[in-house]
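[1] give the three-dimensional model of this entry:
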Amino acid sequence: MAARHFLTLSDMTTAELEDVLDHASRLRKEWRNGQTRDTLKNRVLAMIFEKSSTRTRVSFEAGMTQLGGTAMFLSSRDTQLGRGEPVEDSAIVISSMVDAVMIRTFGHDTVERFAAASSKPVINALTDDYHPCQLMADMQTYRELRGSIKGATVAWIGDGNNMCHSYMNAAEKFGFHLNIACPEGYEPSSQLMEQHAERITLVRTPEEAARGANLLATDVWASMGQEDEQKAREKAFSSYQINPALMTLADNDALFLHCLPAHRGEEVSADMMEHPASAVWHAAENRLHAQKALLEFLILNRLD
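    Numbering: from 1, shown residues only. Reported below is the predicted structural model:
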């Protein structure tokens, strides 16, 4: 049977995504109750990092350990991927020795090429275009704290980046409407906007996007690799901040999420992370549980 991959949310059906999230919530409860699992005993996850990370490495490595398996960290200095070996050659060899591969890199085409040649499941742990693992954690968090997100309104405030793209995919998969507020010139992919036209509304002010929303989400103004644009982006995004004043325009029960790391005082006010509406830390932990559920689904082809 061909390996299942998770490169974007579109690689799974809505029913599969919801089953994985339900299982992730069960895993969260089990872990917090001190229960142990060994469903992935003797299984190995290769973790390829061409972009550095805190939460991604800790959550995948801890997750594999908690399921009885092992995670192997490979930086660009540790593999031939960073020295010109064809991605396909690396994929064939690495996938012959492990049970799944997680990749965090720049170009989305890298994970697509790797997956096409891999005999084992490949997970996109972030590219310049998509961040589906974070969306799984965000969707799990909303479900646990507010119930189904179907029919809700979500406001994305800031850059039309990989997180915004994955929120657009999520709007389609989970049945919510997405308001996107970004400055001119920083819009998300025009192809994705056309693809998800019925699910998104593009506006120019955070206030328009936030009004009546059930969830507000954002990300840093300058992502990794855009450091040279920092000053220009600070100017363009100066009014695109989620803060308590903006939250007053949202639904009374609205949540706030941020994929982290957060630049307090920029895209989020210094006091917003501890605001009563903030579910940032809950979602950060859910990276662990959502990914454990995803690993079991992809490696075992089932959810126990």
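[2] which stretches of this protein form helices?
    Residue ranges of the helices in the chain, as given by DSSP state H, are 14-32, 55-66, 87-95, 108-117, 132-146, 162-174, 190-195, 206-210, 230-236, 244-247, 280-300.
[3] so which bits of the last one are buried?
    Read that as helix 280-300. The neighbour-count check on helix 280-300 (16 or more other Cβ atoms under 10 Å) flags 280, 282-299 as buried. Every C-beta, even on glycine, is put in place using the N, C-alpha and C of the backbone.
[4] next: stretch 184-197.
    Residues of stretch 184-197 classed as buried by neighbour count (16+ other Cβ under 10 Å): 186, 188-189, 192-193, 196.
[5] kindly report the same for stretch 107-119.
    In stretch 107-119, counting by 16+ other Cβ under 10 Å, buried: 108, 110-115, 117-118.
[6] go ahead and flag the most central residue of the chain.
    In the chain, the C-alpha nearest the mean C-alpha coordinate belongs to residue 134, at 2.0 Å (Cα atoms, centre = their mean).
[7] low-confidence ranges in the chain?
    80-83, 224-226 (pLDDT under 70).
[8] what's the domain layout of it?
    5-131+287-300, 134-284 (the TED database).
[9] residue 176 versus the nearest residue in space to residue 154 that is not next to it in sequence, what's the distance?
    With Cβ to Cβ, 6 or more residues apart in numbering as the criterion, residue 154 has its nearest non-adjacent residue at 4.6 Å, and that residue is residue 215. As defined by Cβ to Cβ, to the nearest Å, residue 215 lies at a distance of 8 Å from residue 176.
[10] who touches both of these two?
    149, 152-154 (Cβ atoms under 8 Å, 6 or more residues apart in numbering).
[11] which one of residue 215 and residue 176 has more residues nearby?
    Using other Cβ atoms under 10 Å, the more surrounded residue of residue 215 and residue 176 is residue 215, with 28 against 22.
[12] what's near enough to touch that one?
    142, 149, 152-155, 254-257.
[13] who wins on neighbours among those residues?
    Ranking the contacts of residue 215 using other Cβ under 10 Å puts residue 155 first, with 31 neighbours.
[14] who's that one bridged to?
    With DSSP bridges applied, residue 155 shows beta-bridge pairing to residue 179, residue 216.
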